[in-house]
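>>> need the 3D shape of this:
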Amino acid sequence: MNVPRLWFHAVPAALASTLIGCAAFTKTTFSEYRGPSEFQGQGGTVRKVDDIDVWETGAPNRKYRVLGIIQQSHYDNHSLVSVIAGASKDSAIVKEAKKQGGDAIIVLGSSSAITGYSTAGSIHGSQTGSLSGYGSGSSYSGTYRGSLSAQTRANTQTEKSIAVIKYLD
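Residues are numbered from 1 along each chain as shown. Below is the predicted model:
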């Protein structure tokens with residue numbers, strides 16, 4: 001099978017631009033924590049994601065050490081690239097927690113704000129009829145059928161703060 005050479009250049013270029021675009025929509029950063037070395041919570045709700053405990057409310061009812069804080073910012077304007085970036089934002093948090101040696105994460109807070117609006121629409125129609133005219137007068141006849149649809153969505157900016165922790169017992 002003879003594949004054009006352009007294919008070998010177009011696919012990596014498309015992949016690279018998608019990854020760069022995703023980085024423009026989601027940013028995940030880690031900052032090291034320096035402070036008291038041991039904590040113990042009272043418990044709360046927890047779920048497992050890729051071998052990492054995710055504490056959504058409360059904190060572990062066992063001893064742990066805070067390794068650092070992950071800050072994540074995600075912009076969603078409903079474009080294909082922002083949807084792709086949004087699908088990977090939670091896995092980016094878990095991946096970073098593992099990279100830092102964490103056993104679990106504690107969701108500290110999340111906030112969203114509307115940053116604008118995106119509107120997409122389409123118009124479809126057809127026209128039939130006849131036209132005749134003379135001098136200063138004219139007569140018209142015809143019909144018009146058509147449709148208009150538009151959808152407006154809010155663009156949002158979401159910020160999350162997550163503690164990365166290591167269990168001590």
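>>> number of residues surrounding Gln100?
16 (other Cβ atoms under 10 Å). In this view, the C-beta of every residue, glycine as well, is placed from N, C-alpha and C.
>>> ditto for Ala120
Number of residues near Ala120 (other Cβ under 10 Å) recorded here: 10.
>>> and it, what are its bridge partners?
Ala120 has these beta-bridge partners by DSSP bridges: Gln151.
>>> and the nearest residue to Ser73 once chain neighbours are set aside, what does it touch?
Of all residues not flanking Ser73 in the chain, Lys27 sits nearest, at 4.9 Å (Cβ to Cβ, 6 or more residues apart in numbering). The contact partners of Lys27, by Cβ atoms under 8 Å, 6 or more residues apart in numbering, come to 72-74.
>>> please, where are all the strands along this protein?
Counting by DSSP state E, the chain has these strands, from start to end: 26-32, 39-40, 43-49, 52-59, 63-76, 104-134, 137-167.
>>> to Lys95, which of those strands lies closest?
Closest of the strands of the chain to Lys95 is strand 26-32, at 8.5 Å (criterion: Cβ to Cβ).
>>> so where's this protein uncertain?
Applying pLDDT under 70 to the chain flags residues 1-23, 82-83, 85-88, 124-146.
>>> repeat that with 50
6-22, 131 (pLDDT under 50).
>>> buried set for stretch 116-123?
Neighbour-count burial for stretch 116-123 flags no residue at all (criterion: 16 or more other Cβ atoms under 10 Å).
>>> run through who's touching that stretch.
Residues from elsewhere that reach stretch 116-123 (Cβ under 8 Å, 6+ apart): 77-79, 146-155.
>>> picking up where we left off before, of the strands of the chain, which stretch is the most buried?
strand 63-76 (a mean of 18; mean count of other Cβ atoms under 10 Å).
>>> that one packs against which elements?
If contacts are counted by 3 or more Cβ pairs under 8 Å, 6 or more residues apart in numbering; DSSP states H and E, strand 63-76 sits against helix 5-25, strand 26-32, strand 39-40, helix 80-87, helix 89-99, strand 104-134, strand 137-167.
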